[in-house]
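Asker: make a model of this:
(2 chains)
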Amino acid sequence: MNFKLKDIVPQLITVTAVVLVFGFFTYNAQINMENRGIDFGYGFLSQESSFDVQFSLIEYDGSHSYFRAYLVGLLNTILVSVIGIIIATILGVIVGVARLSPNYLINKFAAFYVEFFRNIPLLLQIFFWYFAALRALPLPQDAEAIFGVFFLTIKGLYVPAFIWQNFSVFFYSIVAAIIAIIVIRIYAKRVQENQGKQIPVFLISIGLIFILPLLSFLIGGVGISFEVPVLKQLATTSFIYEGGVSLPPELIALTLSLSLYTATFIAECVRAGIQGVGKGQKEAAASIGLTPNQVLKLVIMPQALRIIIPPTTNQYLNLTKNSSLAAAIAYPDLVLVFAGTALMQTGKAIEIVSITMFTYLTLSISISLLMNWYNKKIAIQEK
Amino acid sequence: MFKYVKQLTSLVAMVAVLFTFTTESMAAKKSKTLKNTQKKGFVRCGVSQGLPGFSNADAAGNWTGIDVDVCRAVAAAVLGDANKVKFTPLSAKERFTALTSGEIDILSRNTTWTLSRDADIGLTFVGVNFYDGQGFMVRKSSGITSTSQFKDGISACTNIGTTTELNMRDFFNSKGIKYEPVAFEKADEVVAAYDAGRCDTYTTDKSGLAAQRTKMSNPDEHIVLPETVSKEPLGPVVRQGDSVWEDIVRWSLNTMIEAEEYGITSANADMMKTSDNPAIKRLVGAEGELGAAFGLDNDWSLRIIKQVGNYGESYKRNIADTGILPDRGPNELWTKGGILYVPPAR
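Answerer: Predicted coordinates for the structure are as follows:
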């Protein structure tokens, strides 16, 4: 009995304290809002937003609801996070490996990059890329074409748009290629287990993913043409490109600064991971006759990844959360559109901030869960 | 046991009723905000992050501008010293939350009076200290001289969280023009982006355009187009629910405007005490008991005029002499062709 009481009492006290603190804040907010004549409620989400957003992945204008505006902001946040994570990972792995290179120049250059970019505050870097680098870009009418079709101007990067014929055939050819690759991998594994023979899966996969879509062009009737951006005059000295796809400079500056910054941390994770695998592992693997490629793929990487994944997950989360600095340079992310404009136009501070916080929490936890799952998958399977 | 509980309850109820009555009668004279302000010794005033002519800090941290003068007038009335103001620079996005959460007591930050702001979010607008309208700025070299020359694809820089963002949509929609809105959180960033060529036009209140133009790398390269696309009555705001404080701020502003109407300036205010006009005598505290209604002494309005000056002096000092908008336009007194008209102080 005594033992049980000792166990339960601290738990009860903790729960009561949490409930009381939470209750106090809720009650306090309620009283104060009532005194100041502020209504509480989420009904505003279905009202017409009546403001426009510069850049949106879904169809949106001011006649849509606040909820739609929320989705616009959320998708823009996800877009910049996903692109940022991909670039940061690729760059981070390259730089991390480069830091271990015996080549003096590569090694020192990678070290300089890491020390330079991780030691300058991110907001400053965003401002640098947006305001300093942007100012150096030409006006649309002065822009030189890159490869004849790309235009990098102060108003954004204009790229040609693809116009597809029989796109579905092309799409199915890629799906077919992926299915074929999976089948071959399973088959190759079985052959290796039964006969000890190795099939060059990687080369075959590369071949398939190129050849099948290529065939769809040659015999499937798939065609592709480009819509190249064309200069249009708005006023004597005011120009813009029409047609094609335009990427706003805000998106470019934000993605660039986020990935350059986060890549430095990922590079350090990668370096730590590779260095964390004992030298003896490599020597032992070589001594049983594995090729250098096999040593890396079968011995070093599986062990290094276990060290790399958990801290890299943190960096992914940081990047996602840091993307909220977008508000400083007018990239319409969740914070700018929803916790900015929408909050101002409705005055629903508590509702909107709570939704925004909950959204970031959900985003972060999703990334976390995904990475934890991957981490578990590659962890040592004790038999 | 039950008896005691009952007795105890009635005792608590009695004390509560008594307490309510005493606080009630005090609140009639002294508002909570007024009491707190007098206890702290300074007025907490929310201003912009730097808009020349309205609220702008110099290198030494001294704030000037017509919005700043409203807060100084309240400080002069309530505390007897126009310098006892603590200024909090706020972005457009932060301003209302700062006021409703009690971080500041007056928001004097070129804020447009609209129905939804007044009715919805726990704010009360007390008056108008500048009649403005939204306009557009373009580069002179663009050859654009009217908004009718705007074409599809035009990009417009502005601030988030403003009525500007909404008016811009109304304007471009009514003209059927497709546009790219580029909205920043801070005014300085809007100016920097427009100045760099990111946008074809910069849109905000016309007074704001005129003021921000002075900050550009080459002000002469830009013009403000003649069209005004909206009504923007700008004025100070207070929290809802403290009507005494609301009255103090409203009548501090009105005093400045009425003082100009009667020709009372910071220089001649003391002499006006012997004026023959009872309206003037009331304004300089030589007649009537006007301050008593707010729980203030009778010299509150005299102090405003002596320490801050009348509206005309404030306008001249902050907006005309700085070259922002030499012409007062609608912000002239009703007696001189403008629309400044305040209820009488009596």
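Asker: contacts only, for residue A:272.
Answerer: A:307, A:308, A:311 (C-beta atoms under 8 Å, 6 or more residues apart in numbering or on different chains). Every residue, glycine included, has its C-beta placed from N, CA and C.
Asker: give me the element it is part of.
Answerer: helix A:249-275 (DSSP states H and E).
Asker: ok now that helix, how far from the chain's centre?
Answerer: 11 Å (C-alpha atoms, centre = their mean, to the nearest Å).
Asker: any idea which helix or strand comes after it?
Answerer: Per DSSP H and E, helix A:249-275 leads on to helix A:279-287 as the next helix or strand towards the C-terminus.
Asker: not counting sequence-adjacent ones, nearest residue to the residue in the stretch 1-150 of chain B that chain A sits nearest to?
Answerer: When distances are taken as C-beta to the nearest C-beta, the stretch 1-150 of chain B reaches nearest to chain A at residue B:121, 3.0 Å away. Nearest-residue entry for residue B:121: residue A:347, 3.0 Å, with adjacent residues in sequence omitted and distances by C-beta to C-beta, 6 or more residues apart in numbering or on different chains.
Asker: quick check: that neighbour touching residue B:114?
Answerer: No. In this structure, residue A:347 is not within contact of residue B:114 by C-beta atoms under 8 Å, at 11.1 Å.
Asker: neighbour count: these two, which is higher?
Answerer: The neighbour comparison of residue A:347 against residue B:114 (other C-beta atoms under 10 Å in any protein chain shown) goes to residue A:347, with 20 against 15.
Asker: how many neighbours does residue A:60 have?
Answerer: Counted with other C-beta under 10 Å, residue A:60 comes out at 21.
Asker: okay, and the residue nearest to it when sequence neighbours are not counted sits in which element?
Answerer: Leaving aside its sequence neighbours, residue A:60 sits nearest to residue A:72 (C-beta to C-beta, 6+ apart; 4.9 Å). In this assignment (DSSP H and E), residue A:72 forms part of helix A:66-98.
Asker: which pLDDT value belongs to the residue of the stretch 1-150 of chain B closest to chain A?
Answerer: Per-residue confidence (pLDDT) for residue B:121: 73.
Asker: now it: how far from residue B:332?
Answerer: Distance from residue B:121 to residue B:332, counting by C-beta to C-beta, to the nearest Å: 32 Å.
Asker: out of those two, which sits in the more crowded spot?
Answerer: Ranked by neighbour count (other C-beta under 10 Å), residue B:121 and residue B:332 place residue B:121 first, with 22 against 17.
Asker: and residue A:277, what is it in contact with?
Answerer: A:299, A:300, A:303, A:304, A:307.
Asker: if you rank the residues you listed by neighbours, which is first?
Answerer: So for those (other C-beta under 10 Å), the most neighbours sit at residue A:304, 22 neighbours.
Asker: nearest residue to that residue other than its sequence neighbours?
Answerer: Per C-beta to C-beta, 6+ apart, closest to residue A:304 is residue A:273, 3.9 Å.
Asker: in the stretch 151-300 of chain B, which residue sits nearest chain A?
Answerer: Residue of the stretch 151-300 of chain B nearest chain A, by C-beta to the nearest C-beta: residue B:161 (3.1 Å).
Asker: am I right that that residue sits in a helix?
Answerer: No. Remark: residue B:161 does not belong to a helix; assigned using DSSP: H, G, I helix; E, B strand; the rest coil, it is coil.
Asker: ramachandran angles for residue B:132?
Answerer: When read as degrees, to the nearest 10, the backbone of residue B:132 gives phi -130, psi 180.
Asker: where does the stretch 201-346 of chain B have low pLDDT?
Answerer: Residues of the stretch 201-346 of chain B meeting the criterion pLDDT under 70: none.
Asker: check which helix or strand covers residue A:203.
Answerer: For residue A:203, the element it lies in under DSSP H and E is helix A:201-218.
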